[in-house]
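Peer 1: can't give you the sequence, but here's the structure:
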DNA sequence: ATAATGCGTAACTGTACGGTTACGCGAATC
DNA sequence: GATTCGCGTAACCGTACAGTTACGCATTAT
C-alpha cells in the first residue's frame, strides 16, 4: 500500500530529503550543525525536547543522508552533509522565475544577478 | 561549543510550507500547476489516486498558501502561488555555500564571499 | 572492578496523514 | 423539476511520526 506506480515522476530521489525537512526541529538541527560538527548530546541540549527525541530526529536525518555520524570514544559526532539539499534547490529553481515575475509589478526587470543582490539585502530579521 | 541559548527558533513561518512539500504527490500537483491553472477534477485525473485524496492534498496546499482557489461555475479552479517558496529558497540559500565548498570535509568556517570564490576553484570530484 | 557518561533503542501513547468509499450540495443541463 | 456533473467532506482504516520513560550497551573515569 505504501508504493504507488511511478507514472507521474514523483522524484523518489528527493523523497527522504523533503520528508526530513518537514519537521522544524530537524531543520533547526541542520541549522545548528552549520556551525560545526557536534556530539548527539550537545545537539540535544540545544532543544527543549528529550534526548531520545533528538536521537530519533538524527536517525531520520541520517536516513536522508543529511548528516553523517562517526564515533569518537563514547561520543557520536554528527556532521552536516548538505549534499542532498542540492536536489531540493534544483526543484525550487524551477519556481524561481515565477516569483520574480509576479513580484515584478515594479518596472525593474531584474536579471538573475541583480535579483540575488536584492534578496540578500532585504533579508527579514525574523 | 557552548551557546546553550540557541532559542530554538523553528521558523514557524515556513512550517506549513515545508510540511506541504513533504509529500511527492503535492509536489507533483505544484509541478502540474506550473503549466497553468486547472480545476480540481482535471488535476485529480492526472494522478493514480482517488479524487478525494487529491482534494485533501489541495486542502493542505491551500493551507500553506501554495495554491489559490476560485470558483468558475461548478468548477473550482486552482492556481499556483509560488510566493511561499521564497522562504524555502532563502533557507536553502544558507546552505548553498556548503555543498560545493565542503566536499573536502574541511569544516570550512569560510566567509560567504570567500566561499563563493573558492568553490569555483576547488573542484574535487569526491 | 565499579561507577558514571553518552547515546541508541524498545515500548507505549497521541496525532496527523494518505488512502478509500459513501454522501451531500450547488451549478449546469434536460 | 429532475438529473447529471464537479468537488468538498465525513467516516473509517492503517501507518508513520513526535514525544515520553525505561533500559541496555559501550566507553571513560575512579
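Peer 2: That came through, no problem. Predicted, not measured: the structure shown is a model, and the values here were computed from it. Residues are numbered from 1 along each chain as shown, chains lettered A, B, ... in the order given.
Peer 1: How is residue A:48 classified with respect to secondary structure?
Peer 2: The three-state label given to residue A:48 by DSSP: H, G, I helix; E, B strand; the rest coil is coil.
Peer 1: State the distance from it to residue A:90.
Peer 2: Residue A:48 sits 34 Å away from residue A:90, taking C-beta to C-beta, to the nearest Å as the criterion. Heads up, the C-betas are built off the backbone N, CA and C, glycines and all.
Peer 1: again, but for residue A:54
Peer 2: The spacing between residue A:54 and residue A:90, counted by C-beta to C-beta, is 29 Å.
Peer 1: Next up, the contacts around the nearest residue to residue A:25 once chain neighbours are set aside.
Peer 2: Nearest residue to residue A:25, sequence neighbours excluded (C-beta to C-beta, 6 or more residues apart in numbering or on different chains): residue A:57, at 5.7 Å. When contacts are counted by C-beta atoms under 8 Å, 6 or more residues apart in numbering or on different chains, residue A:57 is found next to A:23, A:25, A:26, A:29.
Peer 1: mind checking which helix or strand the second one is in?
Peer 2: Per DSSP states H and E: residue A:25 is located in helix A:24-33.
Peer 1: count of residues packed around residue A:68?
Peer 2: Residue neighbour count, defined by other C-beta atoms under 10 Å in any protein chain shown, stands at 15 for residue A:68.
Peer 1: count of neighbours near residue A:13?
Peer 2: 9.
Peer 1: Do I have it right that it meets residue A:87?
Peer 2: Yes - counting by C-beta atoms under 8 Å, residue A:87 is a contact partner of residue A:13 at 6.1 Å.
Peer 1: Let me see the ranges of the helices in chain A.
Peer 2: Listed in chain order, the helices of chain A (DSSP state H) span A:12-21, A:24-33, A:40-44, A:51-63, A:85-103, A:112-121.
Peer 1: Averaged pLDDT, the last one. What do you get?
Peer 2: Think helix A:112-121. For helix A:112-121, mean pLDDT rounds to 35.
Peer 1: in chain A, which helix or strand is least confident?
Peer 2: Ranked by mean pLDDT, DSSP states H and E, the weakest helix or strand in chain A is helix A:112-121, scoring a mean of 35.
Peer 1: Of residue A:54 and residue A:90, which one has the most company?
Peer 2: residue A:54 (21 against 10).
Peer 1: Now the residue of chain A found nearest DNA strand D. Its backbone dihedrals?
Peer 2: At 2.5 Å from DNA strand D, residue A:73 is the closest residue in chain A, using C-beta to the nearest atom of the strand. Per-residue torsions, residue A:73: phi 60, psi -130 (degrees, to the nearest 10).
Peer 1: Next, work out how far apart it and residue B:31 are.
Peer 2: 47 Å.
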